[in-house]
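In: 3D model of this:
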Amino acid sequence: MTDAPDKPRAPQDFERALDQSDTRVAQFKHDKRTPLDKVQHVLHNNPTLVPVIVLLISLVAFGLIAGGRFFSAFNLTLIMQQVSIIGILAAAQSMIIITAGIDLSVAAIMVLMSVIMGNLAVNMGVPSVLAILVGFAGGLGAGLMNGLLITKVKLPPFITTLGTWSIFFALNLWLSGAQSIRSQDIDANAPFLKFFGEAIKIGNARITFGVILMILVFVVLWYMLNKTAWGRHVYAIGDDMEAAELAGIRTQRTLISVYMLAGLVCAIAGWASIGRVGSISPQSFYEGNLQSITAVVIGGISLFGGRGSILGALFGALIVGVFQSGLRMAGVDVLWQVFAIGWLIIIAVAIDQWIRRVSA
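Out: From the prediction side, this is the model:
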């Protein structure tokens, strides 16, 4: 006696079986992920978590090494003062690196604008407010020069800004005669230039207006990059320039605006640096370019563009400041402080590469 033939299945039976199969496959794939894979995915979606975690670990570690004086209000606010100028430069650098570019002239623009402000206000008797506005206009112009060379002449950002760094540095020396403007002369003729060196004292804490300015710069730029169409265009350009153009984004105009805004931020940093240092020197902040890039890289912003939060650069600058302060309190020589920062950069880039390899 033969078996009866199978009844033909209804279409809904096939759909139900297919759904169950998809669910089993999805569960299998999900279960294949190791805890390390899950961490990788979380960091890929939240790149700012890396510098936040490193900052917290650094605070705890140096607090244990250096004792209670590390967590004193005076020391913590001093760290913020020390990183305020580099932090503002890092904010400018972040926008450019998000577009998959780089700017080696940020510190030279900053110092040049401070020299222009100082010469106008101190040596030529121009009202301080007008001198500052001229410095801001100069920062926009310097950024426009970089942007036009990169977008219209099609020069690589690295080569372009390396060249303009030399140009701006030479102009610094020419305008200043390689001479500094002393603190006493600024106090006598244009004390408003040192506004950002003033501080609010709360107990032992000393919060300068320069620190407040740094935080405001980051907040404003974070809003522009994350809450506006312009910011979405900036990230799209860094992720894939050709795809951004096909999507209708005016990439050249956006890139020019990024470099101009970065130049303006550098000019703002130039004004703040006068209050931080107390004088104006054409050779100050000579390593500002590398320090700003260091803060950006440690802050989790990808050097390949299109990924990372500008707030990460703020945390990156603070990490450098915490390391320098903690190692100094621990009695570590300056040479080994630089050594430690170098390893921080290498580790940050390695982590970025690892996060970028996350599976889809």
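In: from here on, contacts and neighbour counts on C-alpha atoms
Out: Will do.
In: which other helices and strands contact the helix or strand containing G118?
Out: Assigned by DSSP states H and E, G118 belongs to helix 106-118. Under the contact criterion of 3 or more C-alpha pairs under 8 Å, 6 or more residues apart in numbering; DSSP states H and E, helix 106-118 touches helix 73-98, helix 128-151, helix 157-176, helix 251-277, helix 288-298.
In: which helices and strands sit right next to the first one?
Out: Helices and strands in packing contact with helix 73-98 are listed as helix 106-118, strand 205-208, helix 209-227, helix 229-239, helix 251-277, helix 288-298, helix 310-329; criterion 3+ C-alpha pairs under 8 Å, 6+ apart.
In: tell me which strands and helices the third one is in contact with?
Out: Right, the one you point to is helix 209-227. Using 3+ C-alpha pairs under 8 Å, 6+ apart, the elements in contact with helix 209-227 are helix 73-98, helix 229-239, helix 251-277, helix 310-329.
In: buried ones in the first one?
Out: By neighbour count with 16 or more other C-alpha atoms under 10 Å, helix 73-98 contains the buried residues 74-98.
In: quick one, it and helix 229-239 angle?
Out: Angle of helix 73-98 versus helix 229-239, following axes from the mean of the first three to the mean of the last three C-alpha atoms, to 10 degrees, is 70 degrees.
In: mean confidence for helix 73-98?
Out: Taken as a whole, helix 73-98 has an average pLDDT of 94.
In: just to revisit the earlier point, make JSON lines from the helices and strands packed on helix 209-227 and add distance to V134 to it.
Out: JSON lines is the format used below for those (distance: least, C-alpha to C-alpha, whole Å):
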{"stretch": "helix 73-98", "distance to V134": "19"}
{"stretch": "helix 229-239", "distance to V134": "26"}
{"stretch": "helix 251-277", "distance to V134": "10"}
{"stretch": "helix 310-329", "distance to V134": "27"}
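In: quick one: name whatever helix or strand follows the helix or strand of the chain with the lowest mean pLDDT.
Out: Ranking every helix and strand in the chain by mean pLDDT, DSSP states H and E puts helix 11-32 at the bottom, with a mean of 52. Using DSSP H and E, the helix or strand that follows helix 11-32 in sequence is helix 35-45.
In: what's the average pLDDT for that following helix?
Out: Helix 35-45 carries an average pLDDT of 74.
In: now that helix, how far from the centre of its chain.
Out: 23 Å (C-alpha atoms, centre = their mean, to the nearest Å).
In: what helices or strands is that helix leaning on?
Out: Here helix 35-45 touches helix 334-356, going by 3+ C-alpha pairs under 8 Å, 6+ apart.
In: run through who's touching the helix it packs on.
Out: 40-41, 43-44, 294, 297-300, 302, 320, 323-324, 327-328 (C-alpha atoms under 8 Å, 6 or more residues apart in numbering).
In: buried ones in it?
Out: Applying 16+ other C-alpha under 10 Å to helix 334-356 flags 337, 341, 344-345, 348-349, 351-352, 355-356 as buried.
In: those: which two are farthest apart?
Out: Farthest pair in the buried residues of helix 334-356 (C-alpha to C-alpha) is Q337 and R356. Separation: 28.9 Å.
In: put together CSV for the helices and strands packed on helix 73-98, with mean neighbour count and distance to R69 on each row.
Out: Formatted as CSV, these follow (neighbours: other C-alpha atoms under 10 Å; distance: least, C-alpha to C-alpha, whole Å):
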stretch, mean neighbour count, distance to R69
helix 106-118, 30, 32
strand 205-208, 20, 13
helix 209-227, 17, 21
helix 229-239, 20, 41
helix 251-277, 25, 23
helix 288-298, 25, 25
helix 310-329, 24, 9
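In: looking at those, which is nearest to K152?
Out: Of all these, the one in closest proximity to K152, counting by C-alpha to C-alpha, is helix 251-277 (7.9 Å).
In: now the angle from the helix holding G118 to helix 288-298?
Out: Using the same axes, to 10 degrees: helix 106-118 against helix 288-298 is 130 degrees.
In: of the helices and strands packed on helix 106-118, which is nearest V60?
Out: When the helices and strands packed on helix 106-118 are compared by C-alpha to C-alpha, helix 73-98 sits nearest V60, at 13.0 Å.
In: next, the angle from that closest one to helix 157-176.
Out: Computed with the same axes, to 10 degrees, the direction of helix 73-98 lies at 120 degrees from that of helix 157-176.
In: now the angle from helix 73-98 to helix 310-329?
Out: Taking the same axes, to 10 degrees, one finds that helix 73-98 is oriented at 140 degrees with respect to helix 310-329.
In: so how far is A137 from N119?
Out: Counting by C-alpha to C-alpha, to the nearest Å, the gap from N119 to A137 is 15 Å.
In: can you report how many residues lie near S180?
Out: Using other C-alpha atoms under 10 Å, S180 has 16 other residues around it.
In: show me the contacts for it.
Out: 279-282.
In: one more pass at 6 Å, please.
Out: 280-281 (C-alpha atoms under 6 Å, 6 or more residues apart in numbering).
In: P282 versus that one, what's the distance?
Out: 7 Å.
In: and what of A199?
Out: Distance from A199 to P282, by C-alpha to C-alpha: 25 Å.
In: more neighbours: which of those two?
Out: Per other C-alpha under 10 Å, whichever of A199 and P282 has more neighbours is P282, with 25 against 15.
In: can you tell me the closest non-neighbouring residue to that one?
Out: N172 (5.4 Å; C-alpha to C-alpha, 6 or more residues apart in numbering).
In: for the one you found, the count of nearby residues, please.
Out: 24.
In: and the gap between it and S114?
Out: 9 Å.
In: coming back round to it: and the contacts of helix 334-356, which two are the farthest apart?
Out: Maximum distance among the contacts of helix 334-356 (C-alpha to C-alpha): 36.0 Å, for H41 and R328.
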